[in-house]
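Peer 1: Have a look; sequence and predicted model below, questions after that.
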Amino acid sequence: MQKGCELFVGKFLPKIKAKLAQILIKQYGLTQKDVAKALGISQAAVSTLRNKKLDINFKKNTKELNKITKKILDGKDYLVDLCALCKSFKVECASRKR
């Protein structure tokens, strides 16, 4: 059974990247190539994620998503913000047990 960060990476991170790709393309007009570079995924993956139906309602995570999006647009590291988003999904991160 997966727990903590492993669960987050396996279950939530792909959906978060899909949502970020959608935001960056639809709201900010970035190209698939630019989004791929920013998210560290292939352009083909961005193409797939672009219109993916997501089974997570991100409305309560708007603040965290906006913060991550801004950092992506500014070319800054957003790993800490992914951890905050993880916490908002109530995932028990292994790093919090230290």
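Peer 2: Noted; the coordinates are in hand.
Peer 1: what helix or strand does I16 sit in?
Peer 2: Take DSSP states H and E as the rule and I16 turns out to sit in helix 13-26.
Peer 1: ok, and what's touching that helix?
Peer 2: With CB atoms under 8 Å, 6 or more residues apart in numbering as the test, helix 13-26 has contacts from 30-32, 34-35, 38-39, 41, 46, 49-50, 52, 54-56, 58, 65, 68-69, 72-73, 82, 85. C-beta: built from backbone N, CA, C; applies to glycine.
Peer 1: Pull out the buried residues from it.
Peer 2: Neighbour-count burial for helix 13-26 flags K15, I16, K17, A18, K19, L20, A21, Q22, I23, L24, I25 (criterion: 16 or more other CB atoms under 10 Å).
Peer 1: So for the fourth one, what's the nearest residue that isn't a sequence neighbour?
Peer 2: Here the nearest residue to A18 in space, its sequence neighbours aside, is L49; by CB to CB, 6 or more residues apart in numbering that works out to 4.0 Å.
Peer 1: picking that back up, dump the buried residues of helix 13-26 to TSV, plus pLDDT.
Peer 2: Compiled in TSV, these are given as follows (pLDDT from 0 to 100):
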residue	pLDDT
K15	87
I16	89
K17	90
A18	91
K19	91
L20	93
A21	94
Q22	92
I23	93
L24	95
I25	94
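Peer 1: can you give me the helices in this structure?
Peer 2: 4-7, 13-26, 32-39, 43-50, 62-73, 79-88 (DSSP state H).
Peer 1: of all those, which has the lowest average per-residue confidence?
Peer 2: Mean pLDDT across the helices of the chain is lowest at helix 4-7; the value there is a mean of 77.
Peer 1: list the helices and strands it packs on?
Peer 2: With contacts defined as 3 or more CB pairs under 8 Å, 6 or more residues apart in numbering; DSSP states H and E, helix 4-7 has no helix or strand neighbours.
Peer 1: Check which residues of it are buried.
Peer 2: So, applying 16+ other CB under 10 Å, buried residues of helix 4-7: C5, L7.
Peer 1: go on, stretch 51-58?
Peer 2: F58.
Peer 1: pLDDT (mean, whole number) over it?
Peer 2: pLDDT averaged over stretch 51-58 gives 81.
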